[in-house]
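Engineer: This is a predicted model, with the sequence first.
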Amino acid sequence: MNPFLDYLLTAIPLGMTFLFGCTGEILTEKAGHLNLGIPGIMCMGGACGCLAVKLMHGTNISPVLIVIIALLAAFAGGVLMGMIYSFLTVTLKANQNVTGLAMTTFGVGTTKFIMSGMAKNAMQYLYALRYFRFPFAEQTSSVKYCGFMVGLAIIIALVASYILTKTRVGLHLRAVGENPATADAVGINVSLYKYTATCIGSGIAALGGLFYIMDYAGSYEAYKSIEALGWLAVALVIFTLWRPHLSIIGSILFGMLYLAGSRIPTLLGIQLDISATPLLQMLPYVVTIIVLIVTSVRKKREHQPPASLGLPYFREER
Amino acid sequence: MNKSVALEINNVSKYFGSLAANKNVDLTVYRGEILAILGENGCGKTTLMNMIAGIYYPDSGTISVDGQEVVIRSPKDAFRHGIGMIHQHFKLVDIFTAAENIVLGVNDGKAYSIKEVNRRVAEIADKYGFHIDPKKKIYEMSVSEKQTVEILKVLYRGADILILDEPSAVLTPQETDKLFDVLRRMREDGKSILIITHKLHEVLSISDRVTVLRKGEHIATVDTVSTTSAALTEMMVGKKVELNIERPQPQNVCDRLEIKNLSMVDAEGVKVLDDISFTARSGEILGIAGIAGSGQKELLESIAGLCHPITGEIIYHNPKNGKTEDLRDKDPVAIRELGVRLSFVPEDRLGMGLVGNMDIVDNMMLRSYRKGHSVFVDRKKPGDLAKKIVEELEVSTPNTHTPVRRLSGGNVQKVLVGREIAASPTVLMAAYPVRGLDINSSYTIYGLLTKQKEKGVSVIFVGEDLDVLVELCDRIMVICGGRVTGILDGRNTTKEEIGLLMTKTARDAEETSTAKESADGENV
Amino acid sequence: MKMSKTHTSELPFHVVKREPMPFWKSMGIRVAAVVIALLLCSILAVFMIKANPLEFLTTMVDGAFGSARRLWKFAKDSSVLLCISLAVTPAFRMRFWNIGAEGQTLIGALAAVGVAFYLGNTIPNALLLPLMLIAAIVVGAIWGGIPAIFKAKWGTNETLFTLMMNYVATGLVAYFLLLWTPSGSSVLGALSVGHLPILVHEYFLLIVIVLALTALAYIYLQYTKQGYEISVVGESENTARYIGINVEKVLIRTMLISGAICGVAGFLIVGALDHSVTTTTVGGLGFTAIMVSWLAKFNPLFMIGTSAFITFLQQGSAQITTNFNIDSAFPDMVIGIVLFFIIGCEFFIGYQLKFRESTKKGEKVE
């Protein structure tokens, strides 16, 4: 296979891991909540999905159903985490940064706990891999990574983008994140929007964790790297200026940068010093910082974070 | 004329704690008329309107729409009865377009299409003669365009009783004219419009009838054609109340602070100070009267070095060495380093003058903590000062380590004024120093200001209660729309005279001056 | 703004800010939250490890304080956590959300190792150690100062900026490790030079230094003019301007200090404990420190308690993992659950629920 095509076909599905997390985080941030628990939530999604596969293993449930139930389990795990987060930050008005970081600590820890318990005889559950990679599971080239989950990630991002920009619900959600007092004044249920966006967003992010373990990496040990990928998903939100449709391109770009260290040398036929790999892997973060700086210096209003991001909303009753 | 009643308010009262914001108010509005609600700051106009718009719920009394008694508990309820209010502070999402803001929260069961919204907004705008681009973002808009969006927001929801809270406060005269044209067109369309204002000439030019409120009570409702500004002013300010504030004659008066041609624009490019000139003298209290938001805050903050005028001079005459200094564009520290002892009691006590979460001692240090070369703060002197102020001004507090946030309004103000006076100033500026204070605390503050005056301090007092201004101040400067409309002798003026100057717009001033010029010309 | 009884969509109560409550009462609520959380954890443990709740708690205490070795480890871990918590505190006190302590500490550690790596055998230890310290402080301050400068000049979002800086720091560490290890193994063996001298016990000096730093931080924040300025800026930027404080200057200066203390922490980890650096040298302590500082209401003296508490949870539940042979991730779950409860209980300290008239009087909750 053409090495560039191979590079691309590996980078796209890796990017989808970011894309799930990024779309979820965008929905949450559009409601005015900076959820730093996304890495933990993605981990939990992976763990819940894998747990579902394990529980169904050996039963005569059809493989298609197993995949669907696993996806639902991951989504539910994410929603549950989202519920904890929104209960603390929306209802109890807790500090979002502190809550988010606690979510990540809890999520990563719990995931490790669940996964390590399974890892001993993990290989036998990996039969599910071929269904996750449908319809390319039989392929030997990198095409095999580009199964329906890649399509799912892109579709979710497009739907999210459509909802945010073209529907009444999206308009109301954006109003809640920009100026909750105004939204409240015109009769929008601010708390309901915040809860819904956070929970659905967390559910979507959780799918990313399952995708990474069950599809892209195809290894039960893969849960260990999800946290780092989760932070990249948070970075991607800034990089793509809170736009899910741009995130599709952005996530592939991040995927390519992430893999650049190992792929570029073979691609160009040059000998790159091995120490260059970490520098290349650092690039997504550096690029994100540059985007953050440039947008704040240019002060173009459309490119700023949602105006009430990170601030609790409290309607003072008389 | 055979007009039907649109809205009727019967015997409505509203109390905030023990304070009556509205007492047994009656009001009637007909279809196709403009009713002006006139009154001074704090007379209960806005509270009354907020009850009609569903922001507050009345403690007693009834509201009827089209003869039917209704219950209005939320803005949504108000809209259901066709009532919409345009508030003074716009509630808009900055990065949304006009149309997006207008449709926000509307759920008419139809599929959402921004194109359709744009079309309908343009249609309504055309009907009443608004000029607006539905696709323009709010942050790119001028204040008057934002106001247009707020009005359209109400019309889009199908309101036919519109309440406007001081709509011209943020507009230029030309914009005000345009707005009034639109309002007249709405009236022709059969809408009822309630307009809160304290500008008499506007009342006379636009309204069909006027309702005057004073201290929460309904004074009178008259037909506009059969009244005059003098009659309205009298109803608005009421009879003079004797306060018996002590006012000694100024001693050893000399110029202390000279303001020359000071102009300033705000962040949105609106002129908030327009060619202001005056002199503040030592040993006297100079009162500043004006409708809230006429430029008082900007004027004091310019002098204190907190905001930056575009033109003009702020000349300080130093009594110690006789030197003069221009304070313009200097920050508070630089002003202090020049040896200028300027004290400032800002309007926002806990948000600017004091730090709510800090105790009295730490708040005492705000002004003085820099003194000395030590890296450490000295809490001994501020501690002594705190004790002294608590004792002398009878601040009721458990001790000097209580966060000031926990003190009552009067005690907070005593702490703030006490600190500012302790710096033995040569100029003392105080913005609304008795706002929200009880009678006793108010008199304590008047006493402190008068004592400073006797010490030879030049006191600048921004007030809102005209009775207080005419009894406390030696001279009273009246400002309106960022311009000085008159400087009066406090001993020989009346509330009516001040009231008229407070509502005199730039245009009136020009008209009188051009009239004077032409009269002068004739004389020659 | 409305007191609705007719609206069915309204909750039967509304939330109001409450008057500040006495210290003992707020502490009581926090302690209650911790107790409930620990009970929940122990019930969880009953299912997972089939131990009774009492056994669970005694094992935790035993794990943290059960022997001299464990006590020393407990003191060491608390100290490192405390040191990083001290670093983030000045920034938090002026409401600057520095969540980049992880990176600032790591880059400080890297600088210290770098100095030792290049100069190790050419100069004596007595000279090398100060140089390592200075390098760590300078680099840490730079790492903290960069986001502050952008925040001050252009209002760049500091939370996101400092977060990203963490991963840039990790990348740099990975890069230098590859550069320094000829085999490309990325494992840099323990340095033979640049060790802090050992007094009394191998951790003793570290603990003393951190405690001294705590006292200094407390004095700085509470008794110096700069500390006072930080408080004013954090409470109200408007007041700061009113009295002529240059807010931008305070912002940058404070973040330089914040980064510098992180650098000190990095130096201490290298000089007293690891004598090396890896990408996981800080191991999430930079994030835990945020919690420690926040729990202590940004007061350095209280932080001794909160950092000890978090370390107790960590070490105590780690003991459970060994005793009952479960996965080493268990402590993170315990800490997560306890944090949720403490975070949640702050609501009941700051707000109170008021039931509407229509509900029963007896349900009144404070």
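Structural biologist: In hand now; what should we look at?
Engineer: doesn't A:Lys30 make contact with A:Trp242?
Structural biologist: Yes. Taking contacts as C-beta atoms under 8 Å, A:Trp242 lies within contact range of A:Lys30: 6.7 Å. Just so you know, the C-beta spots here come from the backbone N, C-alpha and C atoms, and that holds for glycine as well.
Engineer: so what sits against both of these two?
Structural biologist: A:Pro306 (C-beta atoms under 8 Å, 6 or more residues apart in numbering or on different chains).
Engineer: How far away from the center of its chain is the top helix by length along chain C?
Structural biologist: Ranked by residue count and defined by DSSP state H, the top helix of chain C is helix C:125-154. With C-alpha atoms, centre = their mean, to the nearest Å as the basis, helix C:125-154 stands 19 Å off its chain's centre.
Engineer: what helices or strands is that helix leaning on?
Structural biologist: When contacts are defined as 3 or more C-beta pairs under 8 Å, 6 or more residues apart in numbering or on different chains; DSSP states H and E, helix C:125-154 packs onto helix A:276-298, helix C:101-119, helix C:158-180, helix C:247-268.
Engineer: Flag every buried residue along it.
Structural biologist: Within helix C:125-154, the residues scored as buried using 16 or more other C-beta atoms under 10 Å in any protein chain shown are C:128-129, C:131-133, C:135-148, C:150-152.
Engineer: just stretch C:207-222 next, same as before
Structural biologist: Residues C:207, C:209-210, C:213-214, C:217-218, C:220-222 are the ones in stretch C:207-222 that count as buried (16+ other C-beta under 10 Å).
Engineer: of all the residues you listed, which two lie farthest apart?
Structural biologist: C:Ile207 and C:Gln222 (22.3 Å; C-beta to C-beta).
Engineer: so who does the residue most central in space within chain A touch?
Structural biologist: Nearest to the mean C-alpha position of chain A, by C-alpha atoms, centre = their mean, lies A:Gly21 at 0.9 Å. Shown in contact with A:Gly21 (C-beta under 8 Å, 6+ apart): A:38-39, A:42, A:205, A:208, A:229-230, A:232-234, A:236.
Engineer: Columns neighbour count, pLDDT and distance to chain C on top of the residues you listed, output as TSV?
Structural biologist: Below are the contacts of A:Gly21 laid out as TSV (neighbours: other C-beta atoms under 10 Å in any protein chain shown; pLDDT from 0 to 100; distance: C-beta to the nearest C-beta, whole Å):
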residue	neighbour count	pLDDT	distance to chain C
A:Ile38	34	96	11
A:Pro39	28	95	11
A:Met42	40	96	15
A:Ala205	36	97	16
A:Gly208	34	96	18
A:Leu229	22	90	11
A:Gly230	30	92	11
A:Leu232	27	88	8
A:Ala233	27	93	12
A:Val234	25	91	7
A:Leu236	25	92	11
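Engineer: Go through the residues you listed and flag which are in helices.
Structural biologist: A:38-39, A:42, A:205, A:208, A:229-230, A:232-234, A:236.
Engineer: one step back: need the buried residues of stretch C:207-222 in TSV with pLDDT, secondary structure and distance to chain B, can you?
Structural biologist: Below are the buried residues of stretch C:207-222 laid out as TSV (pLDDT from 0 to 100; DSSP: H, G, I helix; E, B strand; the rest coil; distance: C-beta to the nearest C-beta, whole Å):
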residue	pLDDT	secondary structure	distance to chain B
C:Ile207	95	helix	27
C:Ile209	95	helix	22
C:Val210	96	helix	22
C:Leu213	96	helix	17
C:Thr214	97	helix	18
C:Ala217	97	helix	14
C:Tyr218	97	helix	13
C:Tyr220	96	helix	9
C:Leu221	95	helix	11
C:Gln222	93	helix	9
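Engineer: Now render the residues you listed as a markdown table, adding distance to chain A.
Structural biologist: Shown next, in a markdown table, are the buried residues of stretch C:207-222 (distance: C-beta to the nearest C-beta, whole Å):
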| residue | distance to chain A |
| --- | --- |
| C:Ile207 | 25 |
| C:Ile209 | 27 |
| C:Val210 | 22 |
| C:Leu213 | 23 |
| C:Thr214 | 21 |
| C:Ala217 | 20 |
| C:Tyr218 | 22 |
| C:Tyr220 | 24 |
| C:Leu221 | 20 |
| C:Gln222 | 23 |
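Engineer: ok, these vs A:Pro305, which is closest?
Structural biologist: Nearest to A:Pro305 among those, counting by C-beta to C-beta, is C:Leu221 at 29.6 Å.
Engineer: Name the helix or strand for the closest residue to that closest one other than its chain neighbours, please.
Structural biologist: Of all residues not flanking C:Leu221 in the chain, C:Gly227 sits nearest, at 4.1 Å (C-beta to C-beta, 6 or more residues apart in numbering or on different chains). Using DSSP states H and E, C:Gly227 sits in helix C:225-235.
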